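Asks: starting from these lines, generate the structure:
(chains A and B)
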Amino acid sequence: MMVRCQVLLGTFVEISIDQDDSQALDKAFAAVKQIQDLMGFHYPVSELSQINRWAHQVPLKIHPWTAQVLKIAQEVHKQSNGLFNCGVGHRLVSAGLLPRHMNLSNHQLGGIEDVHFLDSELITSPKPLCLDLGGIAKGFAVDKAVESLIAHGIKSGCVNAGGDLRVFGQSPRSIQIRNPVAPMELIDIGSLQNGAIATSGLYFTNRDQQQSHIINPFAQDESEAHINFSDSYSILANECVYADALTKVLALSSAIDHPCLNHFSAQAIRIAA
Amino acid sequence: MNWKPNPFAILGLAMLSAPIIAQAKIYVSAEQAQKILFPNKQLTKTPILVTDDLQERMRLASSIRYPFQGDRIWKAADGSWLIIDEVVGKHEMITYAVGIAPNGSVLGIEILEYVESYGYEVAEAHWRQQFAGKTVKDPIKLNQDIQNIGGATLSCKHLTDGVKRVLVLYDLALKPK
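Replies: Numbering: from 1, shown residues only, chains lettered A, B, ... in the order given. Purely as a prediction, here's the structure:
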């Protein structure tokens, strides 16, 4: 058995496998790093930053993984009737939660729905964009790390990106989630086999006295954009990318029976504070 | 996906039993971190004496007050360095290794240990002592298995500050003049 942890995607990424193979672990971490380099808002040279800068002016050729994330983001946007929207980067920039790479004040910004695919990896947008993939890329990275491990012959394991995790292989694993009232305490929620779980909670944000990063995409102005809650919202799904994205739908709607969840064969867990 | 819910959790009763406390995780040892960051390279332990002036400059660059210990530094013949350091925050303690290439760029960062607990405990020396000298082979505290902990994303800001101070150390004390 091997377990390693690296700092990627702004958090701690932990990978554990039930056999000894450090090369497979290196490859899996490299996949996560590639997603960070492609889709990180923090890096002015990332593909995401290029999209935000140029997509309204010229068609852009993008990496197949970025294309895949944007398509999934559009799918969840559509199924959630717009509740999930990655076009909220400017709100996070104004709140100081993301770095400011450009002046956004005099633009009418578009949302994820404004990304048009000219072909499978060529995009453009009629409006300037300020997309932030922070609500979906972590889950996608977990999936890609799992795919990489499987491709390198790993039979079972777990990839956990700061609390969004996926287990694969024959052996079920017990999963604990943090108690929103006392996040150092864990609640055993059962066992999971070949599945993913992601969670949205503001307990660390509140503890560290930061502005909420859960954004209402329909907000007309700054004052009503940041949503505050004290419960913890988790989503179980086959793939972590859907679990990650759907936690925002759940946290924003606080409806554990939101029709969107059923569409993606996902289940919700809400832990009341 | 095959999920077997804990029936007590569904009823909201899971907290009636003693809570499971999120705890220490030991990922790799110092030797393993060397092999991960510098495979096939021979490293020599090269401890340095950290002067007050250097300590102060590292503090200013990183805003970490906990003093840097100069005894976990290794050097390779080609001018690469490996530095092990820890950051002690209000809520966690993280031991990490930074590999630095001969040109001064960061080759990689590997987490050795992640310990979290209730606030004040982490900062107390005797509390930290219980983890000293432990290796990956020594399970410590409560659960011996690797826990799969879900929850809101943990911030790595403290670690980013830690890497900043290690780079200041490299710049002022290790880099060839």
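Asks: from here on, just use CA atoms for contacts and neighbour counts.
Replies: Will do.
Asks: for stretch B:159-168, output the C-alpha coordinates as PDB.
Replies: Presented in PDB, the C-alpha positions along stretch B:159-168 are these (Å, rounded to 0.1, in the frame of the first residue of the first chain):
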ATOM      1  CA  LEU B 159       2.100  25.700   3.000                       C
ATOM      2  CA  THR B 160       2.500  28.400   0.300                       C
ATOM      3  CA  ASP B 161       3.900  30.700   3.000                       C
ATOM      4  CA  GLY B 162       6.300  27.900   4.100                       C
ATOM      5  CA  VAL B 163       7.600  27.400   0.600                       C
ATOM      6  CA  LYS B 164       8.200  31.200   0.400                       C
ATOM      7  CA  ARG B 165      10.500  31.100   3.400                       C
ATOM      8  CA  VAL B 166      12.300  28.100   2.100                       C
ATOM      9  CA  LEU B 167      13.100  30.000  -1.100                       C
ATOM     10  CA  VAL B 168      14.300  33.000   0.900                       C
END
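Asks: so where's the longest strand in chain B?
Replies: Counting by DSSP state E, the longest strand found in chain B is strand B:106-116.
Asks: pLDDT of stretch B:59-76, averaged?
Replies: For stretch B:59-76, mean pLDDT is 91.
Asks: now that stretch, how far from the centre of its chain.
Replies: 12 Å (CA atoms, centre = their mean, to the nearest Å).
Asks: can you tell if the longest strand of chain B touches chain A?
Replies: Yes: contact of strand B:106-116 with chain A (CA under 8 Å from any CA of the partner chain) involves B:109-112, B:116.
Asks: what does the stretch 51-200 of chain A have sitting close to chain B?
Replies: Going by CA under 8 Å from any CA, the residues of the stretch 51-200 of chain A near chain B are A:158, A:160-165, A:173-178, A:184-200.
Asks: if you set the cut-off to 10 Å instead, what comes out?
Replies: A:138, A:158-168, A:172-180, A:182-200 (CA under 10 Å from any CA of the partner chain).
Asks: now the residues of strand B:106-116 next to chain A as CSV including pLDDT?
Replies: Listed next are those as CSV, based on pLDDT from 0 to 100:
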residue, pLDDT
B:109, 95
B:110, 96
B:111, 95
B:112, 94
B:116, 81
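Asks: low-confidence ranges, the chain, go.
Replies: With no chain named, the answer covers chain A. A:105-106 (pLDDT under 70).
Asks: actually it's chain B I care about, not the one you picked
Replies: B:8-23, B:117-146.
Asks: could I get the full set of strands for it?
Replies: Using DSSP E, strands in chain B cover B:2-5, B:20-21, B:25-26, B:43-45, B:73-76, B:81-88, B:92-100, B:106-116, B:148-150.
Asks: related to what we said a few turns ago, what helices or strands is the longest strand of chain B leaning on?
Replies: Here strand B:106-116 touches strand A:2-8, strand A:11-17, strand B:25-26, helix B:30-37, strand B:81-88, strand B:92-100, helix B:157-169, going by 3 or more CA pairs under 10 Å, 6 or more residues apart in numbering or on different chains; DSSP states H and E.
Asks: so the residue lying closest to residue A:49 once chain neighbours are set aside versus residue A:67, what's the distance?
Replies: Residue nearest to residue A:49 in three dimensions, not counting chain neighbours: residue A:41, with 6.2 Å by CA to CA, 6 or more residues apart in numbering or on different chains. According to CA to CA, to the nearest Å, residue A:41 and residue A:67 sit 16 Å apart.
Asks: ok so, going back, can you count the residues close to the residue nearest to residue A:49?
Replies: A count of nearby residues for residue A:41, using other CA atoms under 10 Å in any protein chain shown, gives 26.
Asks: so it sits against residue A:131, correct?
Replies: Yes: the pair residue A:41 / residue A:131 is scored as a contact, 8.3 Å apart, by CA atoms under 10 Å.
Asks: re earlier: dump the helices and strands packed on strand B:106-116 to CSV, plus mean neighbour count and distance to residue A:63.
Replies: Converted to CSV, those look like this (neighbours: other CA atoms under 10 Å in any protein chain shown; distance: least, CA to CA, whole Å):
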stretch, mean neighbour count, distance to residue A:63
strand A:2-8, 22, 19
strand A:11-17, 22, 23
strand B:25-26, 24, 35
helix B:30-37, 18, 28
strand B:81-88, 25, 34
strand B:92-100, 23, 29
helix B:157-169, 20, 28
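Asks: tell me which of these sits nearest to residue A:153.
Replies: Smallest distance to residue A:153 across those (CA to CA): 10.8 Å, for strand A:11-17.
Asks: quick check, that closest one touching chain B?
Replies: Yes: Strand A:11-17 reaches chain B (CA under 10 Å from any CA) through A:11-16.
Asks: now do the shared contacts for residue A:41 and residue A:131.
Replies: A:48-49, A:52, A:89 (CA atoms under 10 Å, 6 or more residues apart in numbering or on different chains).
Asks: so who does residue 35 touch?
Replies: If you meant another chain, say so; for now it's chain A. Counting by CA under 10 Å, 6+ apart, residue A:35 has contacts A:8-9, A:46-47, A:65-66, A:137-138, A:140-142, A:144.
Asks: nope, chain B please
Replies: Neighbours of residue B:35 in contact, by CA under 10 Å, 6+ apart: B:29, B:41-43.
Asks: buried subset of the residues of the stretch 51-200 of chain A next to chain B?
Replies: A:138, A:158-168, A:172-180, A:183-200 (16 or more other CA atoms under 10 Å in any protein chain shown).
Asks: show me these that map onto strands.
Replies: Using DSSP E, these in strands are A:158-161, A:164-168, A:173-179, A:183-193, A:195-200.
Asks: tell me, what residue is most central in chain B?
Replies: residue B:95 (1.7 Å; CA atoms, centre = their mean).
Asks: what's the local residue count around residue B:78?
Replies: 11.
Asks: what does residue A:115 give?
Replies: Residue A:115: 21 neighbours (other CA under 10 Å).
Asks: please work out which residues outside the strand or helix carrying residue A:49 touch it.
Replies: Using DSSP states H and E, residue A:49 sits within helix A:47-54. For helix A:47-54, the external contacting residues (CA under 10 Å, 6+ apart) are A:35-44, A:46, A:55, A:57-63, A:66, A:87, A:89, A:101-102, A:115, A:123-125, A:128-133.
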